[in-house]
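Undergrad: Next input, structure requested:
(chains A and B)
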Amino acid sequence: MDQSRRTFLSDAGRWIVLTGAASIAWDAIAAGAPETAPNYRMTEHWWAMLLDIEQCIGCGTCVRACKTENNVPLDAEHFRTWVERYVVNIDDPDHPIVDSPNGGYDGFTDTPLGPHAKTFFVPKMCNHCSDSPCVQVCPVGATFVSPDGVVLVDKDRCLGCRYCIQACPYGTRFIDPRTNTVDKCTLCYHRITKGLLPACVETCPTGARRLADLKNPADPVHEFLRTHTVHVLKPQMATGAKAYYYGLDGSVR
Amino acid sequence: MSGARHGRHLVRVGGLFVAGILAFLVVRHYFVPTDFGVYGHYRAGALTDARARPIAFAGQNACGDCHTDIVEIRKPSRHRAVSCEVCHGPLATHASGDDPATPRRPDGRTACVTCHQKNVSKPARFPQIAVADHAGDAKCSECHQPHDPKIS
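TA: Prediction:
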């Protein structure tokens, strides 16, 4: 065996410390796999989203772009992202009137507003939780948090059992009627791994949506999070949601 | 003597266990993909699958690579941060050269109204107008150049 003492000790150490599957994972991580985008290393990113309520104009461009980019069924029931319109009576802020005609796909027309009400738009999508309830309930490992922090679905393994749809506190999952498997926002994983922005971020005309890489120290998100008050939806669910809302009203559910 | 008989019982039960475990391992081998568990409790190939989707929107940089004249017009404009594909639609096949067809030109009103039609739910500081009162049926582009809409 022409193996140097150094490599023998290093290999032996690795096999002792990292056994079985963990050792295979180490090889993959060290190689920066998968091979399709050799310059993209999953371990160097932790993706999140910033949503700025004060910039959202409810134009629905994100909804249309998402459906085009991801081939989402073009009916009024299936959305990876959608825009809700809130009308909050300030005398009864706990019971806002929320509507989202066709998910905001066609934009919004004027709504009558009483003198004691305020109104605004809230874009909704998968929150890409780091402690995701949908991942925890999947019985076959068909949904998971990727090493770069994106909640994805493996359509080859999904049984269509709908547990994850019930588990998601944000209602972001649906069954694709064409495949009878679950579908959801992938944060445009096929785009962000190529250095592009998600379709909704790319097409948002006001900058209400921003992609954030929490592991990249040069990302302006760190400065934004440090200097602004942000909220996640349903923090009491302890999901580790990574969709950060700026300017979110307390009435939003 | 009775001890030996009980011993056979144990061997039989033990054999059943061993056979069961072997059957489990064989079934598991056929049903669990080989790349399952590389990164976690899922199939590592699912990451590659998620990446394999073709893109529909080319992205702002791809547009600017060729259309430098429009980039210059947009530079001082209030529309400078608006991505081209917001109004012109998804153009990845156009940018990659796979689709020789000229992209359709927006009609000079629909795309404008999508954002700028007055709506009480929009943030008050966003420029918006009751389009019918302001312009009737006229096209916005008759007065406003969409790449640099301010009338000086």
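Undergrad: Please pull out the lowest mean pLDDT helix or strand from the chain.
TA: No chain was given, so I picked chain A. Least confident helix or strand of chain A, by mean pLDDT, DSSP states H and E, is helix A:21-31 with a mean of 44.
Undergrad: think we crossed wires, I meant chain B
TA: One helix or strand of chain B scores below all others by mean pLDDT, DSSP H and E: helix B:2-31, with a mean of 90.
Undergrad: can you count the residues close to the nearest residue to residue A:125 once chain neighbours are set aside?
TA: Nearest residue to residue A:125, sequence neighbours excluded (CB to CB, 6 or more residues apart in numbering or on different chains): residue A:81, at 4.0 Å. Every C-beta, even on glycine, is put in place using the N, C-alpha and C of the backbone. For residue A:81, the neighbour count with other CB atoms under 10 Å in any protein chain shown is 25.
Undergrad: just to revisit the earlier point, is the least confident helix or strand of chain B up against chain A anywhere?
TA: No - applying CB under 8 Å from any CB of the partner chain, one finds helix B:2-31 out of contact with chain A, separated by at least 10.0 Å.
Undergrad: Buried residues, the helix or strand that that helix is followed by. List them.
TA: Once helix B:2-31 ends, the next helix or strand along the chain (criterion: DSSP states H and E) is helix B:45-52. Counting neighbours by 16 or more other CB atoms under 10 Å in any protein chain shown, one finds that the buried residues in helix B:45-52 are B:45, B:46, B:47, B:48, B:49, B:50, B:51.
Undergrad: State the helix or strand in which the residue nearest in space to the middle of chain B lies.
TA: Closest to where the C-alpha atoms of chain B average out (CA atoms, centre = their mean) is residue B:55, at 7.7 Å. Here residue B:55, judged by DSSP H and E, is contained in no helix and no strand.
Undergrad: Correct me if wrong: it contacts residue A:197.
TA: No - judged on CB atoms under 8 Å, residue B:55 makes no contact with residue A:197 at a distance of 10.7 Å.
Undergrad: Find the residues that touch each one of these two.
TA: Residues touching both residue B:55 and residue A:197 (CB atoms under 8 Å, 6 or more residues apart in numbering or on different chains): residue A:191.
Undergrad: Let me see the domain layout of chain A.
TA: Listed domain ranges for chain A are A:2-31, A:39-81+A:122-253 (source: automatic domain parsing).
Undergrad: any idea which of those domains is most buried?
TA: Most buried of the domains of chain A by mean neighbour count (mean count of other CB atoms under 10 Å in any protein chain shown) is domain A:39-81+A:122-253; its value is a mean of 19.
Undergrad: what pLDDT, on average, does stretch A:220-237 get?
TA: Mean pLDDT, stretch A:220-237: 94.
Undergrad: do the same with stretch A:132-147
TA: Stretch A:132-147 shows a mean pLDDT of 96.
Undergrad: and that stretch, is it in reach of chain B?
TA: Yes - Stretch A:132-147 lies within reach of chain B by CB under 8 Å from any CB, at A:141, A:142, A:143, A:144, A:145, A:146, A:147.
Undergrad: Tell me which residues are up against that stretch.
TA: By CB under 8 Å, 6+ apart, the residues outside stretch A:132-147 that reach it are A:29, A:42-43, A:128-130, A:151-155, A:157-159, A:161, A:163-169, A:173, A:181-182, A:189, A:237, A:239-240, B:36, B:39-43, B:46-47, B:50.
Undergrad: rerun that using 6 Å as the cut-off
TA: The contact list for stretch A:132-147 (CB atoms under 6 Å, 6 or more residues apart in numbering or on different chains) reads A:42-43, A:151-154, A:157-159, A:163-164, A:167-168, B:39-42, B:47.
Undergrad: Need the pLDDT of residue A:2.
TA: On pLDDT, residue A:2 comes in at 56.
Undergrad: Residue A:13 now?
TA: 58.
Undergrad: Run through the stretch 1-150 of chain A and note the low-pLDDT ranges.
TA: For the stretch 1-150 of chain A, residues meeting the criterion pLDDT under 70 lie at A:1-3, A:5, A:8-38.
Undergrad: Smallest gap between it and chain B, at which residue?
TA: Of all residues in the stretch 1-150 of chain A, the one sitting closest to chain B is residue A:144 (3.8 Å; CB to the nearest CB).
Undergrad: one step back: and the residue nearest to the residue nearest to the centre of chain B when sequence neighbours are not counted, what is it in contact with?
TA: Leaving aside its sequence neighbours, residue B:55 sits nearest to residue B:92 (CB to CB, 6+ apart; 4.8 Å). Neighbour list for residue B:92: B:55, B:56, B:58 [criterion: CB under 6 Å, 6+ apart].
Undergrad: could these go into TSV alongside distance to residue A:222 and pLDDT?
TA: As requested, those are exported to TSV (distance: CB to CB, whole Å; pLDDT from 0 to 100):
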residue	distance to residue A:222	pLDDT
B:55	28	95
B:56	31	96
B:58	29	94
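Undergrad: List just the nearest of those to residue B:113.
TA: Closest approach to residue B:113 among these (CB to CB): residue B:56, at 23.5 Å.
Undergrad: how about the nearest residue to that closest one, chain neighbours excluded?
TA: Once flanking residues are discounted, residue B:56 sits nearest to residue B:90: 4.1 Å by CB to CB, 6+ apart.
Undergrad: was I right about residue B:57 contacting residue A:200?
TA: No - using CB atoms under 6 Å, residue B:57 is not in contact with residue A:200, being 9.8 Å away.
Undergrad: and the buried residues of helix B:45-52 near chain A, which?
TA: B:46, B:47, B:48, B:50, B:51 (CB under 6 Å from any CB of the partner chain).
Undergrad: Now for those residues: which two are most distant?
TA: Spatial extent of those (CB to CB) is set by the pair B:46 and B:51 at 9.8 Å.
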